[in-house]
Each structure stands twice: as C-alpha cells, then as structure tokens.
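Asker: any chance you could fold what I've pasted below:
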Amino acid sequence: MPSDTTSGYPFPDDQDLDRTVAYRTPRAFRPAGPSAGAPQDAGHTRRLPQWDEPEEIGYGTVPGPAAPPPAAPRRKGRGWIVAIVAAVVVGLLSGGGVWAMSRLSGGGSQPQDVLPGGAIAYVRLDLDPSAGQKVALFQIARKFSATRDSFTGDDPRKAVFEALRQGEQDLASVDYARDVEPWLGDRIGLAVLPQRGKGGEPDVALAVQVKDEAAARSGLAKLGADHAGLAFRDGYALLAPTQRQADAYAAAAPLSRDPGFDGDMKALGEQGVLSFWADLEKVASAAGQESSAALQPLRGARLAGALRFDGSYAELAGVARGGTLTTGSARPVRIGELPASTVGAAAFSGLGDILGRQWPAIEETARSGAEGESFTRFVEQAKQQYGLALPDDLVTLLGTSLTVAVDEQGLDGDQPNVGAVLATDPDKAGQVLDKLEKFLADSGEPVQLARSSGDGTVVVASSQEYAGRLAQKGALGDDETFRLAVPDAANATYAVYADLDKAEKLYLNGLPEGERADVQALRAVGLSGRQTPTETTFALRVVFD
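Answerer: A predicted model of the protein is given here:
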C-alpha cells in the first residue's frame with residue numbers, strides 16, 4: 001500500500017482558510033516512476049513481520065556476512081545528519097503551507113517501526129501526522145507574522161538546504177532539485193542505543209523516510225554520508241556509524257515491539273507532529289550518573305511525550321511511568337474554585353508531605369555545602385528565638401495543597417491582589433503564621449498578612465477584601481479560557497494558569513507595533529497534571545485567540 005497520498009483533503013468550510021492550499025499538489029509529492037535500478041516497491045510501506053513470522057529486512061535485503069567496518073570517517077561528512085534533520089524540521093517550524101498541508105493521510109509506517117529495539121531514547125518528527133493535526137497546525141501558524149507569509153507553495157526543505165549549503169563547501173556541488181527533493185520524505189526518527197562495553201559512547205541510529213531508494217542512496221552519498229552504514233527498511237533509510245550496524249538494525253525486531261516503549265506510547269495517546277521517549281534510568285547510566293543519590297528516583301522510570309495541536313491551542317503532553325517518581329496519589333487541587341477574575345494561579349498538592357520526606361536529603365545537602373554552618377545557625381536561631389520547628393511547621397503550613405493566585409482587580413495598581421489558599425489545620429497554621437510574621441519583622445521585612453479561615457483552609461492575602469473572596473468558592477472553573485488552558489482541572493493534582501488577555505495591559509503598550517499583533521494572538525498558558533501510584537501525567541498548553 002503506498003505510504004503517501006497525493007490527493008488533497010477537503011478543509012472544513014472555513015472562510016479563513018485558503019482553499020487553494022488544500023487541493024494543490026506540489027511537484028515534490030507527485031509520484032515519479034522508479035529510477036533505474038530502484039526496487040519496484042520503493043516508496044511503499046510493507047507490513048512488518050508478525051511474531052510468528054521470520055524477520056525480513058525491508059525491500060528484500062537478505063542478511064549475509066557482515067561487511068567489514070569502513071575506513072575512518074572523513075571530517076567533511078559530518079554535516080549530512082544536520083542537513084537532513086534541519087531540512088525536515090524547517091517544514092514544521094518555518095512554513096510548508098501547501099507542501100505540508102497538501103497531503104492529509106497520516107498513514108504509513110513510523111520511524112519506531114524500522115528503528116531497532118532496545119533503544120534508551122527516541123525522538124520522532126512527523127510532517128505527515130493525522131489530518132486533524134495538520135489542519136490545526138495550519139490554522140495556528142496563520143495567526144503569526146513569522147509563519148503566516150512562509151506558508152506558500154515552496155518546498156521549505158529547499159530553503160534550509162540552500163542556507164546550509166552556503167556554509168558548507170562540501171555541499172557546493174549538490175543540487176537540491178536533482179539530489180535531495182526526489183527522495184526525501186516527511187518523517188525522521190533518531191534512536192539512541194546502549195553503549196557497547198564499559199565506558200563506551202551510546203550508538204545512534206537514524207531513520208529517514210525516503211520515496212526512492214536509488215535516489216536516496218545517491219543523494220546521501222553526495223551529502224557526505226557515503227562513509228556511514230546505510231540500509232533500507234519499509235520506506236526508510238537507516239543510517240548508522242558502520243555498515244555492520246546498519247545491516248543489523250535493519251534485521252532487528254523494531255522498537256515499536258518493545259513492551260515498555262509500546263505501553264508508554266499507548267498511554268501517551270496522539271503522538272502529534274513530534275514525539276519522544278526515554279528510559280530515564282538507562283539514560284542516566286549512559287551519562288555516568290548511575291551512582292548519584294539524586295538520581296535514585298529514576299530507577300526504572302520512563303518518560304514519553306508529544307507535541308500536538310488543536311485549532312485553539314498547542315500542547316506538549318507527557319507521561320512518566322515506573323521508578324519511584326509515582327509513589328503515591330495526591331489529592332486534586334482546587335484551582336478551579338478561585339474567583340473568575342483570577343489572572344494567574346498555581347496550585348500544588350502534597351507539598352507538605354514531599355517536604356517532610358525530602359527534608360533529610362535537603363538538610364544533608366545544605367550542611368555539606370559551602371554555607372553549611374550558616375544553614376545550621378539559621379535553623380537553630382529560628383527554633384530558639386521564634387519557636388519555628390523545621391521542617392514540621394513548614395509541613396503544617398503547606399498542608400495537603402497550596403494554591404497561590406493573582407487577581408485582575410488592582411493588577412496595574414500599587415497594591416495588586418495576591419493571596420494563597422492553604423488546605424491545612426487552621427489553628428496550627430495560624431500559629432505558624434504568627435511565628436513567621438515575627439521572624440520577618442525582626443529581619444527588617446515586616447509583613448502584615450490579611451487572613452481568613454474556613455473549613456480545613458487558611459487564606460492569607462494582601463488585603464482583607466481579597467482574602468474574603470478567596471475563602472469563598474469562585475467560578476474560575478466555568479471560564480472557557482481556563483478550561484482550554486487547564487484540561488481536567490477537577491482531577492489535576494497540580495496546575496498553573498495565566499490569562500494573557502487579562503494581563504495584556506501590563507505589557508502590550510510597550511511593545512513595538514510589529515510585535516503587538518503576534519502577542520495579542522496569545523490567549524492563555526496552562527499546565528496541569530495528575531499523579532497516581534502508577535504514573536504522572538502533564539499537559540502544557542498555549543491557547544490562542
């Protein structure tokens with residue numbers, strides 16, 4: 001089945017979209033006949049072998065005796081990876097309108113289907129994701145001056161190639177239309193593999209989607225990759241430091257079959273235009289940090305993430321699983337119960353418990369540092385003069401959750417409304433606050449905080465009026481902007497929110513006229529996530545007007 005389609009995909013009936021973009025098919029994606037000597041199925045995707053089938057190498061390559069390692073790499077060939085990666089990345093970040101939007105299939109094999117299993121880290125860029133991802137990316141890109149004009153019918157890969165060629169004498173004789181455009185596809189993946197032998201460097205395998213094997217072989221050689229190992233598998237060129245490694249990678253079970261990787265990516269969901277994965281423990285080990293006490297929580301931990309788009313926002317989402325990063329469940333925060341006039345807020349659950357558990361390590365680190373004696377004197381002085389018992393009083397104050405908020409009212413005045421809601425024992429927290437106020441007064445920084453207590457909560461604020469409003473249940477959770485920026489806020493165990501539209505009056509007038517429209521297109525920023533005994537998730541969103 002062809003890995004690429006050449007037909008356009010109808011856009012929604014939106015007058016803001018240029019319909020000619022949807023239906024034009026650039027020359028870069030018109031199917032060309034096989035080059036002389038090229039396999040007849042080049043540019044097509046074949047089904048990977050099933051578990052009970054013998055493993056094959058893409059395009060009928062049969063494993064044979066390993067080729068001897070090539071001669072020492074030439075220094076002039078070091079730029080070929082940069083050229084390929086940059087050429088594909090620019091299509092996502094700096095344009096590609098017609099080029100990237102003219103094909104909305106999103107089908108075919110992915111780099112993880114051809115890169116070898118056993119990787120410790122992986123990153124993938126896909127300029128041919130699902131149709132919804134492409135349409136959303138196109139809509140967002142047209143909001144900003146830096147990307148609006150670059151969404152033309154030109155191939156952005158050519159633009160970046162020409163820029164690279166100006167600084168590389170070895171690429172002076174390479175012609176993009178003849179040597180690169182005929183074979184370079186949309187997807188690229190990089191796998192970092194465990195080092196061979198103690199103290200060795202990790203190996204790297206690169207998978208570049210190609211449309212024509214013969215043209216790719218010739219084009220890569222002209223880019224300076226003739227010294228690297230090269231093999232083909234299911235519509236991709238696999239590049240490795242040696243031919244022996246490239247052949248082995250092409251015959252190996254793919255990364256997509258690794259149970260840990262597969263489970264993590266499924267938990268992640270939509271992989272968008274950019275995705276990544278890492279075995280954090282093995283990455284730390286490869287970096288020589290396996291004995292560091294600070295990295296003990298990474299034992300067995302893995303991280304997966306993706307950059308994806310909606311018509312209203314861009315989202316960087318991720319999931320961490322395994323290790324001791326997810327040792328328990330935290331309670332949902334109450335950020336959605338803040339006043340609807342909130343312009344910015346941050347809420348965290350379980351900080352008191354975390355501080356209590358981590359205090360011995362914090363204390364050990366502080367005492368062993370250059371300021372160890374000062375830290376010891378501070379702790380003793382706080383206890384003797386003010387009755388502050390560390391860390392117990394801080395654990396009490398932080399309680400089960402902490403929510404800090406800034407209100408729109410008075411934002412541009414001399415005394416903005418700032419406050420915090422502490423989910424803790426009101427009486428005990430009040431005593432700790434008394435001690436802190438006395439400590440600050442004696443230190444030359446007197447602070448008089450307005451307070452308000454409720455059922456299991458203590459509110460401290462810059463004014464009594466704002467403290468009273470924070471003590472009541474607000475309607476921020478009903479605000480459309482908040483719901484877009486902070487998904488699933490009711491179940492989040494940590495969240496951060498900033499309403500940029502409400503804060504524009506602080507900075508918009510000071511911006512140059514050319515930048516003002518771009519800044520006004522930004523609506524809000526939000527971060528939310530949830531911790532359970534098995535995993536921790538996060539979603540960072542930028543919402544657009």
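Asker: for the protein, which spans come out with low pLDDT?
Answerer: 1-107, 128-129, 134, 137-138, 141-142, 146-164, 166-167, 197-199, 288-297, 324-329 (pLDDT under 70).
Asker: residue 395 reaches residue 355, doesn't it?
Answerer: Yes - counting by C-beta atoms under 8 Å, residue 395 touches residue 355, with 5.7 Å between them. Bear in mind the C-beta positions are built from the backbone N, C-alpha and C, glycine included.
Asker: phi and psi next, for residue 263.
Answerer: Per-residue torsions, residue 263: phi -70, psi -40 (degrees, to the nearest 10).
Asker: now for the closest residue to it other than its chain neighbours, how many residues are close by?
Answerer: Take residue 263 and drop its neighbours on the chain: the residue closest to it by C-beta to C-beta, 6 or more residues apart in numbering is residue 321, 7.8 Å away. Residues near residue 321, counting by other C-beta atoms under 10 Å, number 21.
Asker: go ahead and confirm residue 321 touches residue 265.
Answerer: No - under the criterion of C-beta under 8 Å, residue 321 is not in contact with residue 265, lying 11.1 Å apart.
Asker: need the contact partners of stretch 444-461.
Answerer: 417-426, 429-430, 433, 437, 440-441, 462-464, 466-468, 470-471 (C-beta atoms under 8 Å, 6 or more residues apart in numbering).
Asker: what about 7 Å?
Answerer: With contacts defined as C-beta atoms under 7 Å, 6 or more residues apart in numbering, stretch 444-461 is touched by 417-424, 426, 429-430, 433, 437, 440, 462-464, 467-468, 470-471.
Asker: pull out the buried residues from that stretch.
Answerer: For stretch 444-461, the neighbour count (16 or more other C-beta atoms under 10 Å) marks 449, 450, 451, 452, 457, 458, 459, 460, 461 as buried.
Asker: now do stretch 500-514
Answerer: Under the neighbour-count criterion of 16+ other C-beta under 10 Å, stretch 500-514 has 500, 502, 503 buried.
Asker: could I have the CA atoms of that stretch written out in CSV?
Answerer: Output in CSV follows, covering the C-alpha atoms of stretch 500-514 (Å, rounded to 0.1, in the frame of the first residue of the first chain):
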residue,chain,number,x,y,z
LEU,A,500,-2.7,36.6,29.0
ASP,A,501,-5.7,38.5,27.7
LYS,A,502,-6.3,39.9,31.2
ALA,A,503,-2.6,40.7,31.7
GLU,A,504,-2.1,42.4,28.4
LYS,A,505,-2.5,45.9,29.9
LEU,A,506,0.8,45.3,31.8
TYR,A,507,3.0,44.9,28.7
LEU,A,508,1.1,45.4,25.4
ASN,A,509,1.6,49.2,25.1
GLY,A,510,5.3,48.9,25.5
LEU,A,511,5.8,46.5,22.5
PRO,A,512,6.8,47.6,19.0
GLU,A,513,3.8,47.8,16.7
GLY,A,514,5.1,44.9,14.6
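Asker: surely the residue nearest to residue 263 and residue 532 touch.
Answerer: No - applying C-beta atoms under 7 Å, one finds residue 321 not in contact with residue 532, separated by 10.0 Å.
Asker: how about the residue sitting nearest the centre point of the chain, secondary structure?
Answerer: The residue lying closest to the centre of the chain (C-alpha atoms, centre = their mean) is residue 316, at 4.6 Å. With DSSP: H, G, I helix; E, B strand; the rest coil as the basis, residue 316 sits in strand.
Asker: gap between it and residue 308?
Answerer: Distance of residue 316 to residue 308, given as C-beta to C-beta, to the nearest Å: 8 Å.
Asker: ok so, going back, of the buried residues of stretch 444-461, which belong to strands?
Answerer: Secondary structure assignment by DSSP state E places 450, 451, 452, 457, 458, 459, 460, 461 of those in strands.
Asker: and residue 188, that's in a strand?
Answerer: Yes - per three-state DSSP, residue 188 lies within a strand segment.
Asker: what's around it, how many residues?
Answerer: 24.
Asker: tell me the bridge partners for it.
Answerer: residue 125, residue 208 (DSSP bridges).
Asker: how is this protein divided into domains?
Answerer: According to automatic domain parsing, the chain is divided into the following domains: 19-260, 335-350+399-544.
Asker: now for residue 423, how many residues are close by?
Answerer: Residue 423: 21 surrounding residues under other C-beta under 10 Å.
Asker: state the distance from the residue lying closest to it once chain neighbours are set aside to residue 254.
Answerer: Ranked by C-beta to C-beta, 6+ apart and with sequence neighbours excluded, the top spatial neighbour of residue 423 is residue 401, at 4.3 Å. Here residue 401 is placed at a distance of 43 Å from residue 254 (C-beta to C-beta).
Asker: same deal with residue 284?
Answerer: 25 Å.
Asker: now do residue 451
Answerer: The spacing between residue 451 and residue 254, counted by C-beta to C-beta, is 60 Å.
Asker: and the end-to-end length of stretch 469-488?
Answerer: For stretch 469-488, the first and last residues are 24 Å from each other (C-alpha to C-alpha, to the nearest Å).
Asker: what helix or strand is the nearest residue to residue 425 once chain neighbours are set aside on?
Answerer: Excluding the flanking residues, the one nearest residue 425 by C-beta to C-beta, 6+ apart is residue 396, at 6.7 Å. Element membership for residue 396, per DSSP states H and E: helix 392-398.
Asker: about what we covered before: need the max-distance pair from the ones in strands among the buried residues of stretch 444-461.
Answerer: 450 and 457 (14.4 Å; C-beta to C-beta).
Asker: on that earlier part again, and the ones in strands among the buried residues of stretch 444-461 as CSV, adding distance to residue 195?
Answerer: Listed next are those as CSV, based on distance: C-beta to C-beta, whole Å:
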residue, distance to residue 195
450, 58
451, 57
452, 58
457, 52
458, 52
459, 54
460, 52
461, 54
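Asker: just give me the closest of those to residue 334.
Answerer: Checking those against residue 334 with C-beta to C-beta, the nearest one is residue 457 at 8.6 Å.
Asker: look up which residues are beta-bridged to the closest one.
Answerer: residue 423, residue 454.
Asker: roughly how far apart are it and residue 266?
Answerer: When distance is defined by C-beta to C-beta, residue 457 is 39 Å away from residue 266.
Asker: beta-bridge partners for the residue nearest to the centre of the chain, please?
Answerer: If you apply DSSP bridges, the partners that residue 316 bridges to are residue 307, residue 540.
Asker: was I right about it contacting residue 538?
Answerer: No - contact criterion C-beta under 7 Å: residue 316 and residue 538 do not qualify, at 8.2 Å.
Asker: could you list the buried residues of stretch 409-423?
Answerer: 409, 410, 411, 416, 417, 418, 419, 420, 421, 422, 423.
Asker: the second one should be in a helix, yeah?
Answerer: No - read with three-state DSSP, residue 410 is coil and lies in no helix.
Asker: ramachandran coordinates for it?
Answerer: Given degrees, to the nearest 10, the pair of backbone angles that residue 410 has is phi 80, psi 10.
Asker: between residue 395 and residue 355, which is the more surrounded one?
Answerer: Set residue 395 next to residue 355 and count neighbours by other C-beta under 10 Å: residue 395 wins out with 20 against 17.
Asker: sorry, back to before: need the overlap of contacts for residue 316 and residue 538.
Answerer: Common neighbours of residue 316 and residue 538, counting by C-beta under 7 Å, 6+ apart, are absent.
Asker: how near is the residue nearest to the centre of the chain to residue 305?
Answerer: Counting by C-beta to C-beta, the gap from residue 316 to residue 305 is 7 Å.
Asker: need the contact list for the residue nearest to residue 423.
Answerer: Residue 401 neighbours (C-beta under 7 Å, 6+ apart): 331, 333, 334, 347, 348, 349, 423.
Asker: please name the nearest non-neighbouring residue to residue 210.
Answerer: Setting aside the residues directly before and after it, residue 210 is nearest to residue 216 in space (C-beta to C-beta, 6+ apart), at 4.0 Å.
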